[in-house]
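Asks: Give me the fold of what follows.
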Amino acid sequence: MKKLFYLILGVIGIFLLQGCGAYSFSGISISPETKTFQVNFFQNQSARVIPGADQTFTNQLQDLILNQTNLNLVSADGDIVYEGEIVEDRVSPNTATSAITAAQNRLTISVNVRFYDTNDPKQDLEQRFSFFFDYPASSSEDSVRDEAIQIIYERITQDVFNATLAKW
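Replies: Predicted structure coming up:
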């Protein structure tokens, strides 16, 4: 009798889930015609050019989209296209000590992103995304830069993804 109950409950559950229509648990909103994406190189046009930072950002954005969608990466003629540039990379004092010296510094990176959806041009977007990393002034920027870049780019790429595909 219990098996029959669970079987009926399972069948009802399946019908209810099918009735909900197409839903993505990741919240991604992509038209069914969209099969490919393209990420053009994000050139570093900030006043401070750190070697490799532009390639790192481009790769992280590609990896994020590959890991969170079923889209295929192409080098040209993608159904959706990301392009832009790194427009800010600066270090500034964030907090001061009683001796009027910096106790903490802030690395801020901003990226201008243009998003094009060839299947739905109404979704096109141009927006600036920015994030920061605070570190003790006693540490050199070189000693924390790799960690800072990882954290900043992870946040910016997730914000880009949410704004363009998840529509958050």
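Asks: switch to C-alpha atoms for all contacts and neighbour counts from now on
Replies: OK.
Asks: Report the backbone C-alpha coordinates of the helix or strand hosting residue 156 in CSV.
Replies: In the assignment (DSSP states H and E), residue 156 maps to helix 141-161. What follows is helix 141-161, C-alpha atoms only, in CSV (Å, rounded to 0.1, in the frame of the first residue of the first chain):
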residue,chain,number,x,y,z
GLU,A,141,50.5,45.6,-3.4
ASP,A,142,52.6,43.0,-5.1
SER,A,143,52.2,40.6,-2.2
VAL,A,144,48.4,40.7,-2.3
ARG,A,145,47.7,41.5,-6.0
ASP,A,146,47.0,37.9,-7.1
GLU,A,147,44.5,37.3,-4.3
ALA,A,148,43.0,40.7,-4.9
ILE,A,149,42.6,40.1,-8.7
GLN,A,150,41.0,36.7,-8.1
ILE,A,151,38.4,38.2,-5.7
ILE,A,152,37.7,41.3,-7.7
TYR,A,153,37.4,39.5,-11.0
GLU,A,154,35.2,36.8,-9.5
ARG,A,155,32.8,39.4,-8.2
ILE,A,156,32.8,41.5,-11.4
THR,A,157,32.3,38.5,-13.7
GLN,A,158,29.4,37.2,-11.5
ASP,A,159,27.9,40.7,-11.7
VAL,A,160,28.2,40.8,-15.5
PHE,A,161,26.7,37.3,-15.7
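Asks: so what's residue 53 up against?
Replies: 44, 149 (CA atoms under 8 Å, 6 or more residues apart in numbering).
Asks: got it, and the one 5 residues further on?
Replies: By CA under 8 Å, 6+ apart, the contact set of residue 58 is 39, 40, 41, 42.
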